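Chemist: Prediction below, plus the sequence it came from.
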Amino acid sequence: MKKTIVIIDGMGGGIGAALAAKIRPLDGLEGPEGKTELEIIALGTNGVAAERMVKAGAHRGASGENAVKVSAGLGDFILGPIGIVIMNSLMGELSPVMAEAILKAPGERILLPLENDHFYLAGLEPLSLAKMIDRAVDYLRVRLTGAPPPIAKR
């Protein structure tokens, strides 16, 4: 079964690069419909972010508002920081057009709950970025394979 994973990030692309590196080894996992073949698409709000995600393991990448608008809908899963669904976040790199395209895309969104200067996420336990990425990838693995969710590590 082929699944497309879209990773969206901006600024330096570090979060997206970390996600790409952790997701790439999931290619070939056995799922309920047979082996999972992954295509990882990196969408950056800028060229630096897209390039960094491709170097980390994404199969292909593109950048800019139109690339996000056109390609967000390709993913069975969309991963990135929560700011990708909030207009004008990521220091203004995430335009309203991008946020709308990501929210309207049919794929399942797996978002990292990173706080930003202009919003606060109440009720979440504080986790390191590395743990957030691990949890996001663990959840993706569960969705791809149908395996039981791993026990959350604090």
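Modeler: Alright, I've got the coordinates. Residues are numbered from 1 along each chain as shown.
Chemist: and residue 78, what is it in contact with?
Modeler: Each residue near residue 78 by CB atoms under 8 Å, 6 or more residues apart in numbering is listed here: 6-8, 72, 84, 102, 105, 107-110. Where C-beta positions appear, they are placed from N, C-alpha and C, glycine not excepted.
Chemist: Tell me the first helix or strand C-terminal of the helix or strand where it lies.
Modeler: Assignment of secondary structure by DSSP states H and E places residue 78 within strand 77-81. Reading on from strand 77-81 to the C-terminus, the next helix or strand found by DSSP H and E is helix 96-104.
Chemist: measure residue 144 to residue 129 for me?
Modeler: Residue 144 sits 22 Å away from residue 129, taking CB to CB, to the nearest Å as the criterion.
Chemist: which one of those two has more residues nearby?
Modeler: Neighbours around residue 144 and residue 129, counted as other CB atoms under 10 Å, are more numerous at residue 144. The numbers are 23 against 13.
Chemist: ok, now which ones touch that one?
Modeler: 3, 26, 29, 31, 36.
Chemist: element containing the first one?
Modeler: Looking back up the chat, that one is residue 3. With DSSP H and E as the criterion, residue 3 is inside strand 2-9.
Chemist: Mind checking the pLDDT average for that strand?
Modeler: For strand 2-9, the per-residue pLDDT values average out at 97.
Chemist: And the helices in the protein?
Modeler: Counting by DSSP state H, the chain has these helices, from start to end: 14-23, 47-56, 65-71, 96-104, 129-145.
Chemist: Show me which of the contacts of residue 78 are buried.
Modeler: Neighbour-count burial (16 or more other CB atoms under 10 Å) is assigned, among those, to 6-8, 72, 84, 102, 105, 107, 109-110.
Chemist: Export those residues as CSV, with columns for distance to residue 63.
Modeler: As requested, those are arranged in CSV below (distance: CB to CB, whole Å):
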residue, distance to residue 63
6, 13
7, 12
8, 10
72, 13
84, 14
102, 15
105, 17
107, 19
109, 20
110, 21
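Chemist: remind me which residues of this protein are low pLDDT?
Modeler: Across the chain, the stretches falling below the confidence threshold (pLDDT under 70) are 149-154.
Chemist: contacting residues for the closest residue to residue 31 other than its chain neighbours?
Modeler: Take residue 31 and drop its neighbours on the chain: the residue closest to it by CB to CB, 6 or more residues apart in numbering is residue 145, 4.6 Å away. The contact partners of residue 145, by CB under 8 Å, 6+ apart, come to 29-32, 36.
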